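Enquirer: would you be able to build a 3D model of this:
(one chain, ligands or ions: 2)
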Amino acid sequence: MNSFREKSTRPAGRVVPAPENHLGAGTIRLAKGRRSFLATGAAAGLAAAAVPLAVRAKDAPLAPAPWTRSLGAPVVATGYGMPSKFESNVQRRQSPGLTPQPQASVSFTPLQNLFGIITPSGVHFERHHSGAPEVDPDQHRLLIHGLVKRPLILSMDDIMRFPSVSRIHFLECGANSGMEWANVAVPTVQYTHGMLACSEFTGVLLSTLLDEVGYDRKNAKFILAEGSDGSALTRTIPIEFALNDVMVVYGQNGEMLRQENGYPLRLLVPGVQGVSSVKWLRRLEVGDKPWNAREESLHYVDLMPDGTHRQYSGIQEVKSVITTPSGGQMLQGKGYYEITGLAWSGRGRIKRVDVSADGGRNWQQARLQDPVLSKALTRFRLDWNWDGGPALLQSRAVDETGHIQPSMPQLRAVRGTRSIYHNNAIKTWSVQPSGEVWNVQIA
Ligand SMILES: Nc1nc2c(c(=O)[nH]1)N[C@H]1C(S)=C(S)[C@@H](COP(=O)(O)O)O[C@H]1N2
Ligand SMILES: [Mo]
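Expert: Ligands and ions are numbered 1, 2, ... in the order given. Here you go, the predicted structure:
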């Protein structure tokens with residue numbers, strides 16, 4: 001059924017090659033595929049020990065462990081299903097060398113393996129500043145205070161008594177594609193675009209809770225959201241957003257949130273960079289000015305070409321990416337292929353996606369899969385007959401407000417190359433006559 005194999009990929013082409021040390025050696029290992037993870041991991045260990053492990057193992061055979069000499073636990077009938085073992089390659093993955101600490105890190109969604117628009121919760125990317133705490137829902141409380149008539153402390157039971165809504169929205173980290181400002185850096189769409197997911201979220205509209213506490217309609221201009229994890233992450237949300245479609249969420253894809261996605265309570269700020277969707281939400285404060293918190297003054301600012309910083313740049317602008325064929329995949333001979341991918345905009349619905357197979361010289365309009373929802377992923381498709389020659393695949397999205405996804409050179413002309421956040425440029429994949437697909441950038 002799947003006409004692609006995951007295979008090694010190297011950045012190359014008539015294009016800008018990736019500097020080998022852009023993200024440290026760890027990331028380059030990825031370029032050689034999963035098997036070489038093991039190979040290079042072992043090599044590093046060998047180098048450190050200065051003795052080949054295989055020889056040492058022969059000298060000291062592995063002694064049987066106590067658990068080898070006894071029966072294990074009896075089977076436990078658990079009622080929660082798991083994917084087929086043949087799908088075990090579908091995994092969230094960390095980019096080795098990207099972050100020094102696994103608690104302040106990110107794992108990426110395997111976009112190349114997914115269909116439709118919903119991200120299964122088990123492979124939804126994770127981004128934590130201080131790890132994912134295990135929060136007891138019975139002990140968890142949400143405080144709402146500040147410029148309000150009736151400050152409240154709500155339990156989870158209280159929150160779940162309010163009228164609820166379920167809505168499908170994407171969640172994208174502001175740093176998604178952030179490794180590619182200067183050049184191609186990572187081999188697959190999982191790493192170039194995988195800080196992205198789309199779920200059906202269930203919860204209470206923030207406007208409902210703000211009405212309940214009687215917020216000061218005259219002076220309330222901003223809301224501060226605070227997480228109960230070790231980072232106590234805080235973000236300022238403008239009141240227009242808060243009253244529009246911001247949700248206090250407990251449900252994700254029909255069940256309670258996963259621990260790593262903020263169980264039992266998170267904020268969801270649709271269309272805005274992920275950091276504002278504060279997880280393990282414990283406090284909402286209504287105020288009249290922005291708080292200028294750490295994660296909105298020191299980080300999550302954009303370094304512009306003239307050396308100034310752009311602050312409070314929240315909206316995730318119109319963007320798209322082809323997920324198949326994409327970097328690291330391998331086309332099995334010429335002929336028919338369905339080009340498919342995802343498009344989204346933090347400003348509303350996707351209106352149109354065009355696809356090019358020749359690096360942007362000619363474009364064809366792609367089909368959009370229903371439903372096309374506001375601030376949600378939209379699946380697009382285009383029939384393609386590969387003639388076996390080199391091809392440069394690109395997609396370009398337009399949203400209902402008329403915003404058009406820029407090319408990389410267009411975006412660089414405005415933003416320079418020293419940013420981390422808000423890279424929504426057109427992505428190029430290079431199909432080689434061998435069938436290999438590489439991550440490239442057209443200069
Ligand atoms: N409390 C808290 N909220 C948080 C974070 C965090 O570290 N702590 N990370 C933020 C960032 S940077 C992103 S991109 C999103 C990621 O959400 P996810 O882990 O559910 O994908 O959560 C945001 N909310
Ligand atoms: Mo993020």
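
Enquirer: for Trp300, grab the count of nearby residues.
Expert: To be clear, residue 300 is Tyr; Trp isn't right here. Neighbourhood size, Tyr300 [other C-beta atoms under 10 Å]: 23. In short, each C-beta sits where N, CA and C put it, glycine included.

Enquirer: OK, contacts around the residue lying closest to Met304 once chain neighbours are set aside?
Expert: Closest residue to Met304 apart from its sequence neighbours, by C-beta to C-beta, 6 or more residues apart in numbering: Arg310 at 5.7 Å. Shown in contact with Arg310 (C-beta atoms under 8 Å, 6 or more residues apart in numbering): 301-302, 304.

Enquirer: for Gln252, phi and psi?
Expert: Backbone torsions of Gln252, given as degrees, to the nearest 10, read phi -140, psi 120.

Enquirer: the residue nearest to Met304 and Glu172, how far apart?
Expert: 18 Å (C-beta to C-beta, to the nearest Å).

Enquirer: helix/strand/coil for Gln112?
Expert: Secondary structure, DSSP: H, G, I helix; E, B strand; the rest coil: Gln112 is helix.

Enquirer: if I look at the closest residue to ligand 1 within the stretch 251-400 of the chain, how far off is Ala425?
Expert: Relative to ligand 1, the nearest point of the stretch 251-400 of the chain is Gly274 (2.6 Å; C-beta to the nearest ligand atom). According to C-beta to C-beta, Gly274 and Ala425 sit 19 Å apart.

Enquirer: circling back to that earlier point, CSV please, covering the contacts of Arg310 and showing secondary structure.
Expert: Below are these laid out as CSV (three-state DSSP):
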residue, secondary structure
Val301, coil
Asp302, strand
Met304, coil
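
Enquirer: emit the PyMOL select command for whichever of those are buried.
Expert: Selecting only the buried entries of the contacts of Arg310 in PyMOL, with 16 or more other C-beta atoms under 10 Å as the criterion:
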select buried, resi 301+302
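
Enquirer: would you turn the contacts of Arg310 into TSV with distance to Asp399 and pLDDT?
Expert: Shown next, in TSV, are these (distance: C-beta to C-beta, whole Å; pLDDT from 0 to 100):
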residue	distance to Asp399	pLDDT
Val301	24	81
Asp302	20	81
Met304	24	83
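
Enquirer: quick one, strands of the stretch 51-200 of the chain?
Expert: 93-94, 105-108, 126-128, 141-146, 152-155, 165-172, 196-205 (DSSP state E, counting those that start in this stretch).

Enquirer: hang on, Glu212 packs against Lys149?
Expert: No. Glu212 lies out of contact with Lys149 (C-beta atoms under 8 Å); the separation is 10.0 Å.

Enquirer: quick one, which of the two is more surrounded?
Expert: Shown here are Glu212 and Lys149; by other C-beta under 10 Å, Glu212 has more neighbours (16 against 8).

Enquirer: doesn't the more buried one belong to a strand?
Expert: No. Applying three-state DSSP, one finds Glu212 to be helix, outside a strand.

Enquirer: sorry, back to before: can you add mean neighbour count, distance to Ile420 and mean pLDDT and give the strands of the stretch 51-200 of the chain back as JSON lines?
Expert: Shown next, in JSON lines, are the strands of the stretch 51-200 of the chain (neighbours: other C-beta atoms under 10 Å; distance: least, C-beta to C-beta, whole Å; pLDDT from 0 to 100):
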{"stretch": "strand 93-94", "mean neighbour count": "18", "distance to Ile420": "18", "mean pLDDT": "94"}
{"stretch": "strand 105-108", "mean neighbour count": "22", "distance to Ile420": "12", "mean pLDDT": "94"}
{"stretch": "strand 126-128", "mean neighbour count": "22", "distance to Ile420": "13", "mean pLDDT": "96"}
{"stretch": "strand 141-146", "mean neighbour count": "18", "distance to Ile420": "31", "mean pLDDT": "98"}
{"stretch": "strand 152-155", "mean neighbour count": "16", "distance to Ile420": "35", "mean pLDDT": "98"}
{"stretch": "strand 165-172", "mean neighbour count": "21", "distance to Ile420": "14", "mean pLDDT": "98"}
{"stretch": "strand 196-205", "mean neighbour count": "23", "distance to Ile420": "16", "mean pLDDT": "98"}
